Structures are given as C-alpha cells and as structure tokens.
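Q: Mind looking at a prediction? Sequence and model below.
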Amino acid sequence: MAYISFQPKDYFNTKLYTGTGSSNAITGVGFQPDWTWIKCRTDAQNHALYDAVRGVQKKISSSSTAAEATATTELSAFGSDGFTVLTDGQVNASGQTYASWNWRANGQGSSNTDGTINTTYTSANTTSGFSISTYTGTGSNATIGHGLGSAPSVVICKQLNATQQWINYHKAIGATKYLHLNATDAAATSSTVWNDTDPTSSVFSVGTAANCNGSGNTYVAYCFAEKKGFSKFGSYVGNGSTDGTFVYTGFKPAFLIQKRSDTTANWNLYDNKRSTSGGSNVVDDLFYVDGSNAEISYTSVDFLSNGFKFRSSDGAINSGANIYMAFAEAPIVSSNGVPAVAR
C-alpha cells in the first residue's frame, strides 16, 4: 500500500473559475503556486503556462512552438492561496470558464551547480518531487542540475528565446527517444536530445539539439521525480476494449495526462474537478495538451481509488503503447489514515 506524510492537495491542485474581464483574484488553490497552467474551457484558446522562476508575466504554451512572451494583461501575481489574472481572454474573458492546474515548487530558487551547465535558477521541492530550472545552452553535450535528490521520471523542456518545439523525456520510452508536447507525433529516436543518458539523482543530460541545448539559447525545464502515493509516471498497453486496461497508480488520481507513444495521437489531459458523470468514477471532459480546442466531452476514463481504467476502445487512448503522468487526489492510505475511495 502507498503511504505519504503529506496531503497531495498541498502540492498540486486543480482550480476552476469563471472569467470577469477585469482583475480577478483566484483563491482556493490551497497554497502559493510556483507553476500555474491555465486553459479556457469554453473557447478555443492556447494553453497558457506561467511560473515563478521565469517571472509571473512570462508565458509559454504547450499548444504552441512560440517563444516566451511578456504578457502584461494575463497573470499578474502569485498569491498565498492562488493567483490573479487580468483582462486577456486567454485567461479571464467575462463569462468564460477556465481550468487551472497548480504545482508548488520552492519560489524562484537559486542557481544549481551540480551539472556542467549551471542553472540560472532552480526551484526544487524534494517532498513532492517537482522542480523548475532555467538555463542557457552551450551546444555541447552537457548535464544540468535539477535539485530533486532522486532521478526524474519526466523532463519537459522548452526553448524560451525563439520558436522551437517542446521536448520531452519519459522514463517509459527512455533517453534514446523523445516526444514533442506540442505535437501529436510518435516517439522518435535521437542521440542529440538526451545524449542517450537517463537522468540521475542530481542531473539530467542534454545533447546538442536546439530544442534543449543550442549555444546561447535560453530554456526552462520542468522535472518530475516519482513520489509513492503522490505521483506516478508510467506506461501501459491498451486492449482495444470498452473494458480497458487497468493502470495501478497507488492513489486516486486528481490529474492525468496520457499519450499514445507508438503512433500519431494527441496528448489528453483529464482532472477530477470537471464533469464526472453525475458523481460516478467516469471523467468525461478532456483537453488536448497539444491543441487550442475548447474542452471536449468524451466519456473515456474511470478515476478509481488506486488507479485509472479507460472505458473506450478508441485507439488513441486504449490501444498500443501509451505513456502517462498522474498526480494524486488521495493515496490509498495517507498520514491522516483516511483511505482513498472511488466516487
């Protein structure tokens, strides 16, 4: 059984809100977020990602290859219990509804010197296994400190100063392969991305690819180390049935991103706060991480007390090889002794 000494909601939380078209303080996150990811539910808008390391008004998008932008009318502050959004329709149009996903790291952080590239800043939370780092590339094979004290299972990297595809490491496909978060393509092989080297307890490796280590270019890297009872980063093989493959996580999921990795398919994002079939286990609504689409209603996955199970024969989610990243609503047993149960 999985045990943790903290409550998952203190390190990750989904917060839904309705836009006002004017300054709007969103509270109820439960902590001061260091990474906030926002998506409009009711309108086609790109995903908007902000973090405390790059600065609150610096935006990148998982559904775009665009360089980092200074967004003065979007997110204006991280607060002790949430964040404040301003007038831009991407995050706060009057009457539109939004989902936000929030992670806690450790403020802006400081330089990490564990690798051959010193980071500009690394904000690391070793309890929850999450860090944010910014760095400048060298164009030569290199290592970069992540500050987690255990090897990351997932590394998500984006060049900031120019148009460039996102680049993803996932332990299930290994360091010889990579995926693009902003695209539907299958896992591809290259030694120039992760230098064919899995992360260690102190550093992750990069090759010479422009996506992650072009000379003089600037980057952000989000690193995730698995924490039993809080996060799980794994793989499964779909069975093509409406009685889909059960995936054990050791907790009741609050958040799930899934991608079929052996062929073209979207990155699908689900959470426990949006539509859930009148209180049943089935999570109905998803976003394409790689697309600007409004929320899509598509009954497909059960969030169970100890994992998830797809209820669709769709080949994009329940066939072939798939990877996922999941965060907990509640572990099977937590420090308060209360067992997780399905709805």
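A: Perfect, thanks for sending it.
Q: drop to CA atoms for contacts and neighbour counts, all remaining ones
A: Noted.
Q: Next up, the contacts around the residue lying closest to residue 189 once chain neighbours are set aside.
A: Take residue 189 and drop its neighbours on the chain: the residue closest to it by Cα to Cα, 6 or more residues apart in numbering is residue 177, 4.3 Å away. Listed by Cα atoms under 8 Å, 6 or more residues apart in numbering, the contact partners of residue 177 are 169, 187, 188, 189, 190, 191, 193, 194, 196.
Q: in a helix, that's where the last one is, yeah?
A: It stands for residue 196. No: with DSSP: H, G, I helix; E, B strand; the rest coil as the criterion, residue 196 is assigned coil and is not in a helix.
Q: now the lengthiest strand in the chain, how far from the centre of its chain.
A: Selection of the longest strand in the chain by residue count, based on DSSP state E, yields strand 319-331. A distance of 12 Å separates the C-alpha centroid of strand 319-331 from that of its chain, computed with Cα atoms, centre = their mean, to the nearest Å.
Q: I'd like to know which elements it is packed against.
A: Secondary-structure packing of strand 319-331 (3 or more Cα pairs under 8 Å, 6 or more residues apart in numbering; DSSP states H and E): strand 231-239, strand 251-260.
Q: May I have the strands that pair with it, each with its orientation?
A: Strand 319-331 has the following strand partners under DSSP bridges: strand 231-239 (antiparallel), strand 251-260 (antiparallel).
Q: Next, format the ones you listed as TSV and append mean neighbour count.
A: Listed next are those as TSV, based on neighbours: other Cα atoms under 10 Å:
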stretch	mean neighbour count
strand 231-239	22
strand 251-260	25
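Q: Now distance to residue 173 and mean pLDDT too, for those strands, in CSV please.
A: Converted to CSV, the strands paired with strand 319-331 look like this (distance: least, Cα to Cα, whole Å; pLDDT from 0 to 100):
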stretch, distance to residue 173, mean pLDDT
strand 231-239, 9, 97
strand 251-260, 11, 97
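Q: Could you export those as CSV, including distance to residue 292?
A: Output for the strands paired with strand 319-331, formatted as CSV (distance: least, Cα to Cα, whole Å):
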stretch, distance to residue 292
strand 231-239, 25
strand 251-260, 16
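Q: nearest to residue 65, of the ones you listed?
A: Counting by Cα to Cα, residue 65 lies closest to strand 251-260 out of the strands paired with strand 319-331; the figure is 18.5 Å.
Q: On the C-terminal side of the closest one, identify the next helix or strand.
A: Beyond strand 251-260 on the C-terminal side, the first helix or strand identified by DSSP states H and E is strand 267-271.
Q: name the helices or strands packed onto the helix or strand following that following strand?
A: Using DSSP H and E, the helix or strand that follows strand 267-271 towards the C-terminus is strand 282-288. Other elements packing on strand 282-288 under the criterion 3+ Cα pairs under 8 Å, 6+ apart are strand 267-271, strand 296-304.
Q: Low-confidence regions, the stretch 201-343 of the chain specifically.
A: Where the stretch 201-343 of the chain drops to pLDDT under 70, the residues are 276-280, 333-343.
Q: ok, and what's touching the longest strand of the chain?
A: With contact meaning Cα under 8 Å, 6+ apart, strand 319-331 is reached by 2-4, 7-9, 12, 170, 172, 229-240, 249-262, 305-306, 313, 339-340.
Q: try 7 Å
A: Residues outside strand 319-331 that contact it (Cα atoms under 7 Å, 6 or more residues apart in numbering): 2-3, 8-9, 172, 229-240, 250-262, 340.
Q: could I have that strand exported to PDB, CA atoms only?
A: These are the backbone C-alpha positions of strand 319-331, laid out as PDB (Å, rounded to 0.1, in the frame of the first residue of the first chain):
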ATOM      1  CA  SER A 319      -4.500   0.500 -27.900                       C
ATOM      2  CA  GLY A 320      -0.800   0.100 -28.500                       C
ATOM      3  CA  ALA A 321       1.900   1.600 -26.300                       C
ATOM      4  CA  ASN A 322       0.900   4.500 -24.100                       C
ATOM      5  CA  ILE A 323       2.700   6.800 -21.500                       C
ATOM      6  CA  TYR A 324       1.100   8.800 -18.700                       C
ATOM      7  CA  MET A 325       1.800  11.200 -15.900                       C
ATOM      8  CA  ALA A 326      -0.600  11.200 -12.900                       C
ATOM      9  CA  PHE A 327      -0.900  13.100  -9.700                       C
ATOM     10  CA  ALA A 328      -3.000  12.100  -6.600                       C
ATOM     11  CA  GLU A 329      -6.200  13.300  -5.100                       C
ATOM     12  CA  ALA A 330      -5.600  10.900  -2.200                       C
ATOM     13  CA  PRO A 331      -3.200   7.900  -1.700                       C
END
